[in-house]
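Q: Curious how this folds, go ahead:
(one chain, ligands or ions: 1)
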Amino acid sequence: MARAYNFSPGPAMLPESVLLEARATMLEYGDAGASIVEISHRGAEFIDIAARAEADLRELLAIPADYAVLFLPGGATTQQALLPLNFAAPGQRADYVLTGHWGATATRQAAPYVDLNVAASSEADGYRSIPPVDQWKLSKDAAYVHVTANETIHGVEFRPSKPGGHAFPDTGDVPLFADFSSSIASEPVDIPRFGAIYAGAQKNLGPVGIGVVIVRRDLLARAGQPRADIFDYRLQLAADSMLNTPPTWNWYVAGLTFRWMLEQGGVEAFARRSDDKAGLLYAAIDGSGGFYRNEVDRAVRSRMNVPFFLHDPALDEAFLAQAREAGLIGLKGHRVTGGMRASIYNPMPLEGVQALVDLMQDFQRRHG
Ligand code: PMP
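A: Numbers count the residues shown, from 1 in each chain. Presented below is the predicted three-dimensional model:
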């Protein structure tokens, strides 16, 4: 099989040019005389790679100077545990807003360390909406408010730029923390609205194994809780995210991906492309006369992850088989929800989504 259109939720599709460059440097990086995976993180080559990656990410996301950028091993779940350790006093209140599976995961990582308050949750409606902000029960003395910008499994996204979409709340003096794992760099984000933004890389930023934390520097003055050095954001920042041996390969490929996104026109370009791709797919679902359905409140439908169900789940396996035959992979929905899910991150071209829509229509003609 040639390279397919890969709709996997993460690890996810990467741009072919990034993979080709990574392949080329797998054997020898520049004139280092060794592979990129064989050279020291303390050497001039990698120090340069790390600095470029940060500079490019800062340009891509328009990260202001008063925000620090950390590149840390592991995924988003790790950061979900480190946020309370770094920014909440022991047992201090922290507010969490649950709009899907990953918000709930974040509460489980934080629960041992904070007085956890679920300020709002759409669990009762199967995570198909975002509760209106005026119904959130926020605490005045919270260390922070945590939201999930895009829920990768349930396909629910805060949509600050969409008329009628759900904006991020103004939380006043309490900093807003957001898990942007599955939507970072897909549209401009007003960083100063947030105290911290974090993301695992394996959706829009590169390969799995590394995460990015963007945090307002003044928050790093908080004492947080007793923790090992390796869990301390302040110490990581002082060590340029190299308190220990960092995941150099992942960092390098993430850097290639940042560069690719800049070359493609940056987040404004990806915002337009994402709207086009998601628009095409939702139109196909909504126009199928019920053969396919997406159940999320239209105002907060995700542009990145489009979950959908066939009207008869008995057809799921046949759909996936025909998709694979047509060169479309990674469409099986998460085990929590079942059904299908198309993840359409930045590297997925419009042609890939058109191929999926063509397949859906052909499948419906055969089975409708
Ligand atoms: N948050 C979100 C929004 C996610 O999509 C994921 C992974 N799918 C996670 C957190 C967990 O990330 P990781 O597996 O990198 O820890």
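Q: show me where the protein has helices.
A: 16-27, 44-61, 76-87, 101-110, 233-238, 248-263, 266-286, 316-325, 350-367 (DSSP state H).
Q: Tabulate those in a markdown table, adding columns for mean neighbour count and distance to residue 296.
A: Yep, even glycine has a C-beta here, placed from its N, CA and C like the rest. Below are the helices of the chain laid out as a markdown table (neighbours: other Cβ atoms under 10 Å; distance: least, Cβ to Cβ, whole Å):
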| stretch | mean neighbour count | distance to residue 296 |
| --- | --- | --- |
| helix 16-27 | 14 | 31 |
| helix 44-61 | 18 | 26 |
| helix 76-87 | 23 | 21 |
| helix 101-110 | 20 | 13 |
| helix 233-238 | 18 | 34 |
| helix 248-263 | 22 | 26 |
| helix 266-286 | 17 | 9 |
| helix 316-325 | 15 | 19 |
| helix 350-367 | 16 | 17 |
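Q: would you list the ones you listed in CSV and tack on mean pLDDT and distance to the ligand?
A: Listed next are these as CSV, based on pLDDT from 0 to 100; distance: least, Cβ to the nearest ligand atom, whole Å:
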stretch, mean pLDDT, distance to the ligand
helix 16-27, 95, 19
helix 44-61, 98, 17
helix 76-87, 98, 3
helix 101-110, 98, 4
helix 233-238, 98, 17
helix 248-263, 98, 11
helix 266-286, 98, 16
helix 316-325, 98, 20
helix 350-367, 98, 20
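Q: CSV please, covering the ones you listed and showing distance to residue 137.
A: What follows is the helices of the chain, written out as CSV (distance: least, Cβ to Cβ, whole Å):
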stretch, distance to residue 137
helix 16-27, 44
helix 44-61, 31
helix 76-87, 19
helix 101-110, 15
helix 233-238, 28
helix 248-263, 37
helix 266-286, 31
helix 316-325, 39
helix 350-367, 39
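Q: Would you tell me which of those gets closest to residue 132?
A: Using Cβ to Cβ as the measure, helix 101-110 is the one of these that comes nearest residue 132, at 16.3 Å.
Q: Which single residue of the protein ends up nearest the ligand?
A: Per Cβ to the nearest ligand atom, the residue of the chain with the smallest distance to the ligand is residue 75, at 1.9 Å.
Q: what's the closest non-adjacent residue to that residue?
A: Once flanking residues are discounted, residue 75 sits nearest to residue 200: 3.8 Å by Cβ to Cβ, 6 or more residues apart in numbering.
Q: which residues does the one you found contact?
A: Under the criterion of Cβ atoms under 8 Å, 6 or more residues apart in numbering, the contact partners of residue 200 comprise 10, 74-77, 79, 181, 208, 210-211.
Q: anything in stretch 124-137 near the ligand?
A: No: using Cβ under 6 Å from any ligand atom, stretch 124-137 stays clear of the ligand, with a minimum separation of 12.3 Å.
Q: what's next to that stretch, contact-wise?
A: Outside of stretch 124-137, the residues that reach it under the criterion Cβ under 8 Å, 6+ apart are 95, 97-101, 117, 119-122, 151, 154, 156, 158, 166-167, 169, 295-297, 300.
Q: Repeat that for stretch 36-45.
A: Contacting residues not belonging to stretch 36-45 are listed as 22, 25-26, 29-30, 32, 46-47, 50, 242, 245-246, 248-249, 252 [Cβ under 8 Å, 6+ apart].
Q: 10 Å - rerun?
A: 22, 24-34, 46-47, 49-50, 240-242, 244-249, 251-253 (Cβ atoms under 10 Å, 6 or more residues apart in numbering).
Q: what sits against residue 35?
A: Counting by Cβ under 10 Å, 6+ apart, residue 35 makes contact with 25-29, 249.
Q: Check those residues and tell me the two furthest apart.
A: Maximum pairwise distance in the contacts of residue 35, criterion Cβ to Cβ, is 14.3 Å, between 28 and 249.
Q: which parts of stretch 292-310 are buried?
A: Buried residues in stretch 292-310, counting neighbours by 16 or more other Cβ atoms under 10 Å, are found at 292, 294-296, 300-310.
Q: Which member of those residues is positioned nearest residue 144?
A: The closest of the buried residues of stretch 292-310 to residue 144 turns out to be residue 300 (Cβ to Cβ; 22.0 Å).
Q: Could you tell me how far that closest one is located from residue 151?
A: Summarising the geometry, the distance separating residue 300 from residue 151, computed by Cβ to Cβ, to the nearest Å, is 9 Å.
Q: Mind listing the shared neighbours of those two?
A: Overlap of the contact sets of residue 300 and residue 151 (by Cβ under 10 Å, 6+ apart) consists of 99, 122, 130, 157-158.
Q: Could you tell me which of those are located in strands?
A: Secondary-structure check on the shared contacts of residue 300 and residue 151 using DSSP state E: residues within strands are residue 157.
Q: Show me the one in the shared contacts of residue 300 and residue 151 that has more neighbours than the rest.
A: Most neighbours among the shared contacts of residue 300 and residue 151, by other Cβ atoms under 10 Å: residue 157, with 30 neighbours.
Q: and the spatially closest residue to residue 338 that is not a sequence neighbour, how many neighbours does it have?
A: Nearest in space to residue 338, with sequence neighbours left out and distances taken as Cβ to Cβ, 6+ apart, is residue 313 at 6.8 Å. A count of neighbours around residue 313, defined by other Cβ under 10 Å, yields 11.
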